[in-house]
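[1] return atomic coordinates for the entry below.
(4 chains)
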Protein chains: 2
Amino acid sequence: MLDLNDFFYFVQVVDRGGFTAASRMLRLPKSTLSHRVRQLEAGLGVRLLNRTSRRFGMTDAGGEFYRHAAEMLQQAEQAEASIRHRLSEPVGTVRLTSAVATMQFALRGVVADFLIRHPKVNVVAHATDQSVDIIGENYDVAVRAHSDPLPSSTLVQRTLAPAPWLLFGGAAYLDANDTPRTPEELRRHPSLFMMRTGVSPTWRLRHSNERKGEVVVPLMPRLMSDDMVGLKQAAIAGLGIVALPGYVCREELRSGALRRVLPTWLAGASTLTAMLPYRQGLLPSVRAFIEHLAVQLPQAVAM
Amino acid sequence: MLDLNDFFYFVQVVDRGGFTAASRMLRLPKSTLSHRVRQLEAGLGVRLLNRTSRRFGMTDAGGEFYRHAAEMLQQAEQAEASIRHRLSEPVGTVRLTSAVATMQFALRGVVADFLIRHPKVNVVAHATDQSVDIIGENYDVAVRAHSDPLPSSTLVQRTLAPAPWLLFGGAAYLDANDTPRTPEELRRHPSLFMMRTGVSPTWRLRHSNERKGEVVVPLMPRLMSDDMVGLKQAAIAGLGIVALPGYVCREELRSGALRRVLPTWLAGASTLTAMLPYRQGLLPSVRAFIEHLAVQLPQAVAM
DNA sequence: ACCTATCATCCAACAGATTGGACGATGGGG
DNA sequence: CCCCATCGTCCAATCTGTTGGATGATAGGT
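    Next up is the predicted model:
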């Protein structure tokens, strides 16, 4: 097998017009260059350079080899340059995955803003509620919303924003009925429950600024679903009170379709976290994306 | 500085779809491949491969690097292939140099014959009587005619053909005067002398088949010159007897313009020798040329 | 759910390449 | 014409990179 580095040494020796000149240029001992070129000639079975202590010339075969080798080195430089370019500024494609609702309500605006700020970066955003093998499917970032700490893995985690669960009710419903003033009064209202594995149908409420203990509200939900959008629409339709991550209901809160119930109470503390397949060698494009999320997402999901 | 061999390892790992597969293909330990790819990633400052024990994928940057690297390797293969092609059969250019007279009278026909037999080989024939730096000016072969052993040098020598010096006289001259029968009778004839540095104007004659000692004939030349053609033409014009390498007068002998004088005597023994800049790594084209000379030249210069 | 086969990485012993100084050769300058 | 500067090669001491086995992790088979 030929040593591809010898192609480089050979071309350098030819370009500089001798071993000594190339040695100075490359900061390598001339003995090394001499040895490498000899090795290359031995591997090819052909003399490439006619060398005497003064004059210096290529053989016919050496000339042809030189032309090909020079082209090869140019390709190698292009390969390296393409990487260096990616390292110098955010360019290329960032592959992102998250749950459907997270993408829909937390990320959409922030991603759009990122695309405007970084014209040379493209984003592939894959929204799915199925578990995704971040490494196996070559994602650069996965954004996960979670209440409990994520199981530690080989992935690198970066906390992006708090995303508290809040209580919401349809505006028409709240107008027609008594708006609850205390957690206890919630029991008198129908409830809509976001179903998750291993979670019983209760709300665990905690006052937002006081250190009071949590209040557990047992539920008999009128609707249980794992679909946040369905629950939200049920709440808008006046079917009951719902607890959802705040950002999911941001639009409806602004339009007035939904109103917060017990606005000084939180129905749970979840966090939006970015997961990266590795820490070393992060491209500027990915780094810029993560930074953008870390800065913008807290505002985007704040109520 | 990046190690160009790592480009190859990286491409192999990607092509085979994993370190272990590439390791089997290349007959290299996977630890080596793992180390080399890590080294490459460190040198570039970018993660190229997303590797888990099962799945295997390239990063965005890795994909772009892969495409360039694959092209680079193709160039490298072309560089090697061009050499291998030259090694498989005689192709390319053979650069030849010799003295003008040697080229003219000894080599011309033989070179023409070589060109016919090897259609893919071109010959650059440089005829000059000035001393030539074979290595410095990139000649593949130099053909030298010489009486004394050539000074040994770093060059490789290959004896091609004996080229004895013979005595000639113009046909008209010999008809008009007594043709000499013995070396002693030569003194009565005017002589034309080929002038060489360090050689006094004498002929040292030796009988061709007998072991008799040499006969020294002192001369008072009518013409001394270092130009063989001029001396030959003087002999044809009947100005005297001349000693020249046989092959120089081959044409005139056939046409009858010249005739040999004392045909059983030799006026000196010279040899045609090929000089090559190196022994190892001879291209088939050059090797074929030398072989052709070694086979054809003895016949071409035989009288 | 456990176990096994497979995969990439890590680590210390080793082998081969690198290194710099000495040598012989060559060509230009005084 | 001789000497000196420069060049490529050679050689032994050193050092980096390779090697193969051990380790930890993962996914699929049973």
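
[2] if I look at the residue in the stretch 201-303 of chain A that DNA strand C sits nearest to, how far off is B:Leu49?
    Using C-beta to the nearest atom of the strand, A:Tyr278 is the residue of the stretch 201-303 of chain A that sits closest to DNA strand C, at 9.9 Å. All C-beta atoms are positioned from the backbone trio N, CA, C, and that covers glycine. Using C-beta to C-beta, to the nearest Å, A:Tyr278 is found at 10 Å from B:Leu49.

[3] more crowded one of the two?
    B:Leu49 (20 against 16; other C-beta atoms under 10 Å in any protein chain shown).

[4] circling back to that earlier point, three-state assignment of the residue of the stretch 201-303 of chain A closest to DNA strand C?
    coil (DSSP: H, G, I helix; E, B strand; the rest coil).

[5] contacting residues for it?
    Taking C-beta atoms under 8 Å, 6 or more residues apart in numbering or on different chains, we find A:Tyr278 in contact with A:156, B:47, B:50.

[6] the residues you listed in helices, which ones?
    Using DSSP state H, no member of those falls within helices.

[7] before we move on, back to that, got a pLDDT number for the residue of the stretch 201-303 of chain A closest to DNA strand C?
    The model reports A:Tyr278 with a pLDDT of 71.

[8] partners of A:Met275 in the sheet?
    A:Ala142, A:Gln157 (DSSP bridges).

[9] thought it was touching A:Ile134?
    Yes - A:Met275 is in contact with A:Ile134 according to C-beta atoms under 8 Å; the separation is 6.3 Å.

[10] and A:Val216, how far from B:Ala288?
    97 Å.

[11] show me what counts as buried in the longest helix anywhere in chain A.
    What stands out as the longest helix in chain A, according to DSSP H, is helix A:60-88. Going by neighbour count (16 or more other C-beta atoms under 10 Å in any protein chain shown), the buried part of helix A:60-88 is A:60-62, A:64-66, A:68-73, A:75-76, A:78-80, A:82-83, A:86-87.

[12] and stretch A:8-18, by the same measure?
    Buried-residue list, stretch A:8-18, by 16+ other C-beta under 10 Å: A:8-14, A:16, A:18.

[13] how about it and chain B, touching?
    Yes - applying C-beta under 8 Å from any C-beta of the partner chain, one finds that stretch A:8-18 is in contact with chain B at A:Phe8.

[14] immediately after the helix or strand hosting A:Ala243, which helix or strand?
    Assigned by DSSP states H and E, A:Ala243 belongs to strand A:241-245. Using DSSP H and E, the helix or strand that follows strand A:241-245 in sequence is helix A:250-255.

[15] in terms of secondary structure, what does that following helix contact?
    With contacts taken as 3 or more C-beta pairs under 8 Å, 6 or more residues apart in numbering or on different chains; DSSP states H and E, helix A:250-255 sits against strand A:258-261.

[16] picking that back up, list the residues that are in contact with both of A:Met275 and A:Ile134.
    A:142, A:155.

[17] tell me the mean pLDDT for stretch A:137-146?
    Mean pLDDT, stretch A:137-146: 87.

[18] with stretch A:48-65 instead?
    82.

[19] returning to what we had before: I'd like the next helix or strand past the longest helix of chain A.
    strand A:92-98.

[20] leaving out the residues flanking it, which one is nearest to A:Ala300?
    Among residues not flanking A:Ala300 along the chain, A:Val110 sits closest, at 5.1 Å (C-beta to C-beta, 6 or more residues apart in numbering or on different chains).

[21] what's the neighbour count on the one you found?
    21.

[22] does it count as helix, strand or coil?
    Under the three-state scheme (three-state DSSP), A:Val110 adopts helix.

[23] could you do A:Thr197 as well?
    Going by three-state DSSP: A:Thr197 is coil.

[24] so how far is A:Asp226 from it?
    Separation of A:Thr197 from A:Asp226 (C-beta to C-beta) stands at 9 Å.

[25] next: A:Pro164.
    20 Å.

[26] neighbour count winner among these two?
    More crowded of A:Pro164 and A:Asp226, by other C-beta under 10 Å: A:Pro164, with 19 against 12.

[27] pLDDT value on the closest residue to the more buried one other than its chain neighbours, please?
    Nearest residue to A:Pro164, sequence neighbours excluded (C-beta to C-beta, 6+ apart): A:Leu266, at 4.8 Å. Each residue has a pLDDT score; the one for A:Leu266 is 92.

[28] A:Leu266 reaches A:Ala163, doesn't it?
    No - with contact defined as C-beta under 8 Å, A:Leu266 does not reach A:Ala163; the gap is 10.7 Å.

[29] specify the local secondary structure of A:Val124.
    Following three-state DSSP, A:Val124 is assigned to strand.

[30] that one: how many residues sit nearby?
    13.

[31] got the confidence number for it?
    Among the per-residue scores, A:Val124 holds a pLDDT of 94.

[32] so it versus DNA strand D, what's the distance?
    21 Å (C-beta to the nearest atom of the strand, to the nearest Å).

[33] what does A:Gly268 give?
    29 Å.

[34] thought that residue was touching A:Val217?
    No - if you go by C-beta under 8 Å, A:Gly268 and A:Val217 don't touch, sitting 11.8 Å apart.

[35] overlap of the contact sets of the two?
    In contact with both A:Gly268 and A:Val217: A:203-204, using C-beta under 8 Å, 6+ apart.

[36] contacts only, for A:Thr264.
    Counting by C-beta under 8 Å, 6+ apart, A:Thr264 has contacts A:207-209.

[37] narrow these to those in strands?
    A:His207 (DSSP state E).

[38] from what I see, A:Ile290 and A:Arg158 are in contact.
    Yes - counting by C-beta under 8 Å, A:Arg158 is a contact partner of A:Ile290 at 6.1 Å.

[39] of the two, which one has the most company?
    Neighbours were counted for A:Ile290 and for A:Arg158 using other C-beta under 10 Å; A:Ile290 has more, 20 against 15.

[40] show me the contacts for A:Phe193.
    Taking C-beta under 8 Å, 6+ apart, one finds A:201, A:219, A:221, A:223-225, A:231, A:242-243 in contact with A:Phe193.

[41] out of the residues you listed, who's the most crowded?
    Within these, most neighbours by other C-beta under 10 Å means A:Val242, with 32 neighbours.

[42] quick one: residues contacting that one.
    A:167-169, A:191-194, A:231-232, A:234-235.

[43] mind running it again at 6 Å?
    A:Val242 is in contact with A:168, A:192, A:231, A:235, counting by C-beta atoms under 6 Å, 6 or more residues apart in numbering or on different chains.

[44] I'd like the distance between it and A:Ala21.
    With C-beta to C-beta as the criterion, A:Val242 and A:Ala21 are 78 Å apart.

[45] from B:Met25, how far out is A:Val242?
    Taken as C-beta to C-beta, the span from A:Val242 to B:Met25 is 58 Å.

[46] returning to that earlier point: any common contacting residues for A:Ile290 and A:Arg158?
    In contact with both A:Ile290 and A:Arg158: A:Ala274, using C-beta under 6 Å, 6+ apart.

[47] for the stretch 101-250 of chain A, just list every one of the helices.
    Using DSSP state H, counting those that start in this stretch, the helices of the stretch 101-250 of chain A run over A:108-117, A:171-176, A:228-236, A:250-255.

[48] got the ones you listed as CSV, with distance to B:Pro298 and mean pLDDT columns?
    Listed next are the helices of the stretch 101-250 of chain A as CSV, based on distance: least, C-beta to C-beta, whole Å; pLDDT from 0 to 100:
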stretch, distance to B:Pro298, mean pLDDT
helix A:108-117, 82, 96
helix A:171-176, 114, 92
helix A:228-236, 99, 95
helix A:250-255, 101, 93
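
[49] of all those, which lies closest to B:Ala300?
    B:Ala300 lies closest to helix A:108-117 among those, at 80.5 Å (C-beta to C-beta).

[50] just the angle between that closest one and strand A:92-98, please?
    Interaxial angle, helix A:108-117 versus strand A:92-98 (axes from the mean of the first three to the mean of the last three C-alpha atoms, to 10 degrees): 180 degrees.
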